[in-house]
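Student: got a predicted model here, sequence first, then my questions.
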Amino acid sequence: MTLMTDDRPLPADCETMADVRKGVDALDRALVLLLAERQRYMDAAARIKTDRATVLDTARIEDVVAKVKTSARAAGLSEAIAEPVWRLLIDRCIAYEFGVWDQLRGVRKD
């Protein structure tokens, strides 16, 4: 599966570092769009969850990481890259969701 992005050379077709950088930059722009959409799901979760304690769900974290590792293996992505990246992503998304949850409910953190 190939992610649709700006015009870019395929990795196997890269002949120069400029080609590589063009491909990486295009993918980075696409990843930003995907991460922004993922963040909007965190907005929805913060809106839907009625109990602040449910924002941090360790069982869900492990489920997401397990699914990512399976997807990574299938896509040829090193788990040594995928797992720590997703754990950091999840950590930052949870922090973001806490902030949105508090903001929606007028909780002040002084």
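Tutor: Right, received. Where do you want to start?
Student: show me where the chain dips below the pLDDT cut-off.
Tutor: Within the chain, the stretches with pLDDT under 70 are 1-5.
Student: helices and strands around the helix or strand encompassing Ala30, which ones?
Tutor: Ala30 is part of helix 17-48 when elements are defined by DSSP states H and E. Contacts defined by 3 or more CB pairs under 8 Å, 6 or more residues apart in numbering; DSSP states H and E place helix 17-48 against helix 79-104. In short, each C-beta sits where N, CA and C put it, glycine included.
Student: buried ones in the helix it packs on?
Tutor: Ala82, Trp86, Ile90, Cys93, Ile94, Glu97, Phe98, Val100, Trp101 (16 or more other CB atoms under 10 Å).
Student: closest one of these to Leu35?
Tutor: Nearest to Leu35, judged by CB to CB, of the buried residues of helix 79-104 is Cys93 at 9.2 Å.
Student: do I have it right that that closest one meets Ala36?
Tutor: No: here Cys93 lies out of contact with Ala36, judged by CB atoms under 8 Å, at a distance of 11.9 Å.
Student: run through who's touching stretch 47-57.
Tutor: For stretch 47-57, the surrounding residues in contact (CB atoms under 8 Å, 6 or more residues apart in numbering) are Ala45, Ala46, Ile94, Glu97, Phe98, Val100, Trp101, Asp102, Leu104, Val107.
Student: can you do 7 Å?
Tutor: Residues from elsewhere that reach stretch 47-57 (CB atoms under 7 Å, 6 or more residues apart in numbering): Ile94, Glu97, Phe98, Trp101, Leu104.
Student: tell me what the helix or strand following the helix holding Ala30 is packed against?
Tutor: Remark: after helix 17-48, the chain's next helix or strand is helix 58-75, criterion DSSP H and E. Judged by 3 or more CB pairs under 7 Å, 6 or more residues apart in numbering; DSSP states H and E, the packing partners of helix 58-75 are helix 79-104.
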